[in-house]
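Student: After the sequence you'll find the predicted model.
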Amino acid sequence: MARQTTNEFRRRVYDALEEGPVGPGPGVWIDRLLMALILVNLAAVVLESMPALGARYGMTFDVIEYFSLVVFTVEYGFRVWSAVERGPHRDLTNTHARLKYIFSAPGLVDLVAVLPFWLTLLLPPDFRFLLVFRMVRFFKIARYSPAMRSLLDVLYRERRALSGCVVMAGGATLVLGALMHLAEGAVQPDKLGTIPDAMWWAIVTLGTIGYGDVVPVNGLGKMVATLGIFTGVILIALPVGIIATGFPEQVHRRDFVVTWSMIARVPLFAELDASEIADVMELLRTRVAEPGEVIVREGEAAHSIYFIAEGNVDVALKKGEPVRLEQGQFFGEVAVLRRAPRSATATAVGRTSLLVLDAEDLHALMKRDKRIAERVKDTVEKRVGKRDVTPKEKE
């Protein structure tokens, strides 16, 4: 019993620290509070470096730091402890699952965000430079911000194209540096007398910065500089275009994958092909039911089918004990197909995320694709028996 209670509490901790795929759960509010704390902490680190503010508000900055340290340490401990609840880790041993999280990119960022401060309490004052690693806390925002996660995913997915841009920039730097050395090495030996010296000018020019510390003075050098300016514009535009194109695609892909995976887990749609699932995705909407909330009530009109993406639902039948439905199951389809009032009451057991398909959309989908209609009717027949399928459903 105690073990079951511990496992349930661990699951709740994991759910609270993670954002559910459908609807704003407790994890969203925790993420927002942690994001706010990170931003306050980073602002304190920056302002503390100013001598006047550091001397005047030193105590305030220390309070912010200690409070942040405690919160981030507790958060890290809970994330390590609840890592066994992570989907890909559920088949691993508890120790293996926690080690997988500790050495993952998010786990390492969480560790570096708190470890340097604890080390400075144990090491000599000379090691206080480790406190600069507090700025790593900025990267924790990547976990709490879907936009930053999407951007990092774009950088990873387009890594080959971006690596090509880096190679081209390196080659252009070398070529322009060599050309400028040949053009003006004798004229400005102190600045362009060697190819490495000229490569500094090439880097500044290709980056479109133009510090002005090295400028061409003869006609040939100015021609090389003109070539470098146009090349730099192209090299800057390439990665910007790659990222700008990939970012909206990644956002769309992320939403698509989340919805696709939830639909694929529903037995009713498990055998549908890609095009059929895509049709269903366009028709679904989301709903979140709070604990104890009545989702459908016996006797009311049937307007929708409900698919359980997360959580549990109790269906109270006229006869017998309530039936508990779990993630991946669905309810309400019989009344929708019969165009009849609800025959049972469905209540959310805990916080439940639902995918909702309106009755009109279901009928339109079944009319448009006979294969989907047959699969839906076959499922209903298995659940209520062929004798209960009315002629109206066979239209």
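Tutor: Sure, I can see it. Keep in mind that this is a model prediction, so the values were computed, not measured.
Student: check which helix or strand covers the nearest residue to residue 366 once chain neighbours are set aside.
Tutor: Using Cβ to Cβ, 6 or more residues apart in numbering and skipping residues adjacent in sequence, the residue nearest residue 366 is residue 373, 3.7 Å away. In short, each C-beta sits where N, CA and C put it, glycine included. Using DSSP states H and E, the element containing residue 373 is helix 370-384.
Student: ditto for residue 60
Tutor: Using DSSP H and E, residue 60 falls in helix 58-81.
Student: Heading C-terminal from that helix, find the next helix or strand.
Tutor: helix 94-102.
Student: buried residues in that following helix?
Tutor: 97-101 (16 or more other Cβ atoms under 10 Å).
Student: Can you list the neighbours in contact with that helix?
Tutor: Applying Cβ atoms under 8 Å, 6 or more residues apart in numbering, the contact partners of helix 94-102 are 79-81, 83-84, 86, 89-90, 92, 107-108, 111.
Student: how about the strands of the stretch 251-395 of the chain, start to end?
Tutor: All strands of the stretch 251-395 of the chain, identified by DSSP state E, counting those that start in this stretch, fall at 285-289, 294-296, 304-310, 313-316, 323-325, 330-331, 345-348, 352-358.
Student: name the helices or strands packed onto the third one?
Tutor: Helices and strands in packing contact with strand 304-310 are listed as helix 219-265, strand 330-331, helix 333-338, strand 352-358, helix 359-368; criterion 3 or more Cβ pairs under 8 Å, 6 or more residues apart in numbering; DSSP states H and E.
Student: That one versus strand 285-289: what angle between them?
Tutor: Here strand 304-310 points in a direction 70 degrees away from that of strand 285-289 (axes from the mean of the first three to the mean of the last three Cα atoms, to 10 degrees).
Student: Send me strand 304-310 as PDB with only the CA atoms.
Tutor: The C-alpha coordinates for strand 304-310 follow below in PDB (Å, rounded to 0.1, in the frame of the first residue of the first chain):
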ATOM      1  CA  SER A 304     -19.900  14.600 -29.800                       C
ATOM      2  CA  ILE A 305     -17.600  11.600 -29.400                       C
ATOM      3  CA  TYR A 306     -14.900  11.900 -26.700                       C
ATOM      4  CA  PHE A 307     -11.500  10.300 -26.900                       C
ATOM      5  CA  ILE A 308      -9.400  10.100 -23.700                       C
ATOM      6  CA  ALA A 309      -5.900  11.400 -24.300                       C
ATOM      7  CA  GLU A 310      -4.900  11.500 -20.600                       C
END
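Student: Within the sheet, what are the partner strands of it, with directions?
Tutor: If you go by DSSP bridges, strand 304-310 pairs up with strand 330-331 (antiparallel), strand 352-358 (antiparallel).
Student: cool, and the fifth one?
Tutor: Strands adjacent to strand 323-325 in the sheet, as given by DSSP bridges, are strand 313-316 (antiparallel).
Student: Okay, buried residues for the partner strand please.
Tutor: With the criterion 16+ other Cβ under 10 Å, strand 313-316 contains buried residues 313-315.
Student: Please list all residues in contact with residue 68.
Tutor: Residue 68 touches 37-38, 40-41, 137, counting by Cβ under 8 Å, 6+ apart.
Student: ok, now which ones touch residue 93?
Tutor: Neighbours of residue 93 in contact, by Cβ under 8 Å, 6+ apart: none.
Student: Show the backbone phi and psi for it.
Tutor: phi -70, psi 160 (degrees, to the nearest 10).
Student: Could you do residue 340 as well?
Tutor: Per degrees, to the nearest 10, the backbone of residue 340 is at phi -120, psi 170.
Student: what do you get for residue 49?
Tutor: The phi/psi pair for residue 49 (degrees, to the nearest 10) is phi -70, psi -10.
Student: ok, it to residue 162 distance?
Tutor: 32 Å (Cβ to Cβ, to the nearest Å).
Student: now do residue 58
Tutor: 43 Å.
Student: same thing with residue 286?
Tutor: Counting by Cβ to Cβ, the gap from residue 286 to residue 162 is 34 Å.
Student: Among these two, which residue is more densely surrounded?
Tutor: Using other Cβ atoms under 10 Å, the more surrounded residue of residue 286 and residue 162 is residue 162, with 18 against 14.
Student: That one is in contact with residue 156, isn't it?
Tutor: No - using Cβ atoms under 8 Å, residue 162 is not in contact with residue 156; the gap is 9.6 Å.
Student: Now find how far off-centre stretch 294-314 is within its chain.
Tutor: 29 Å (Cα atoms, centre = their mean, to the nearest Å).
Student: What mean pLDDT does it get?
Tutor: Computed over stretch 294-314, the mean pLDDT rounds to 85.
Student: List the buried residues in that stretch.
Tutor: Buried residues in stretch 294-314 (16+ other Cβ under 10 Å): 295-296, 298, 302, 304-314.
Student: so which two of the residues you listed are the farthest from each other?
Tutor: The most widely separated members of the buried residues of stretch 294-314, counting by Cβ to Cβ, are 298 and 310 (24.4 Å).
Student: which SS class is residue 46?
Tutor: At residue 46 the chain is in helix, as set by DSSP: H, G, I helix; E, B strand; the rest coil.
Student: residues near it, how many?
Tutor: 11.
Student: Let the chain start at 44 from now.
Tutor: Understood, numbering begins at 44; the last thing we discussed is residue 89.
Student: Please compute how far the helix or strand hosting residue 217 lies from its chain's middle.
Tutor: Using DSSP H and E, residue 217 maps to helix 202-227. Centroid separation between helix 202-227 and its chain, computed with Cα atoms, centre = their mean, is 35 Å.
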